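J.: here is a sequence with its predicted model. Questions after.
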Amino acid sequence: MCLLFSSCGPEVTFREEVNFGSGHWSYTDSVAFVFPVADTTGRYDLVLSVDHGTEFAYQNFYVNLRTHLPSGEVLTQNLSLQLANTFGEWYGDCGEAECTLDIALQEGTRFTETGEHRLVVAQYSRDEPLRDVNGIGFRIVKN
């Protein structure tokens with residue numbers, strides 16, 4: 001019975017996390033997630049996780065996403081990551097000192113190419129370094 005229920009949940013096909021030991025994210029510390037894609041027919045959710053301190057100074061911050069496809073094409077996007085609402089209340093799962101927030105980059109998407117893909121996430125805010133960002137994670141969930 002347990003096996004039946006555990007197979008019904010979402011299938012995580014890729015997961016990786018990078019922690020910044022200092023709790024600061026520098027411009028030079030881009031994070032690269034390299035993952036294989038074998039299925040171009042399935043639908044996937046692409047999720048970025050942000051671990052930040054509860055003393056983080058802003059409601060949001062910007063990242064630059066670069067997706068390197070197996071064909072050599074590179075897709076680039078600047079993205080604002082919203083960590084709190086306008087009243088300063090944190091989104092995500094927060095404890096006393098740290099919050100973890102999952103941000104959907106894409107939902108129900110299909111990959112157009114098989115092979116090795118690379119997602120590079122670069123800190124793109126006005127602060128150098130960006131304080132109280134403890135880590136970034138990325139996962140792919142098959143629908």
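T.: Done, it's in. Predicted model only: the values in this text are computed from it and were never measured.
J.: can you find the helix or strand of the protein with the lowest average pLDDT?
T.: Within the chain, no helix or strand scores below helix 2-6, which has a mean of 48 by mean pLDDT, DSSP states H and E.
J.: following that helix, which helix or strand comes up?
T.: Using DSSP states H and E, the helix or strand that follows helix 2-6 in sequence is strand 11-19.
J.: now for that next one, which elements pack on it?
T.: strand 31-37, strand 44-53, strand 133-142 (3 or more C-beta pairs under 8 Å, 6 or more residues apart in numbering; DSSP states H and E). Every C-beta, even on glycine, is put in place using the N, C-alpha and C of the backbone.
J.: mean confidence for the shortest one?
T.: Taken as a whole, strand 31-37 has a mean pLDDT of 98.
J.: quick one: buried residues of it?
T.: Buried residues in strand 31-37, counted by 16 or more other C-beta atoms under 10 Å: 31, 33, 35, 37.
J.: ditto for the second one
T.: Residues 44-52 are the ones in strand 44-53 that count as buried (16+ other C-beta under 10 Å).
J.: in CSV, list those residues along with distance to G23 and pLDDT.
T.: As requested, these are arranged in CSV below (distance: C-beta to C-beta, whole Å; pLDDT from 0 to 100):
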residue, distance to G23, pLDDT
Y44, 31, 98
D45, 28, 98
L46, 26, 98
V47, 22, 98
L48, 18, 98
S49, 16, 98
V50, 13, 98
D51, 9, 97
H52, 9, 97
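J.: ok, and the closest non-adjacent residue to the spatially most central residue of the chain?
T.: Closest to where the C-alpha atoms of the chain average out (C-alpha atoms, centre = their mean) is L48, at 1.7 Å. Residue nearest to L48 in three dimensions, not counting chain neighbours: I103, with 4.8 Å by C-beta to C-beta, 6 or more residues apart in numbering.
J.: same question, T67
T.: L75 (4.4 Å).
J.: looking at it, the one you found is touching N64, isn't it?
T.: No - in this structure, L75 is not within contact of N64 by C-beta atoms under 8 Å, at 11.4 Å.
J.: which of the two has more neighbours?
T.: N64 (15 against 10; other C-beta atoms under 10 Å).
J.: look up phi and psi at that one.
T.: phi -110, psi 120 (degrees, to the nearest 10).
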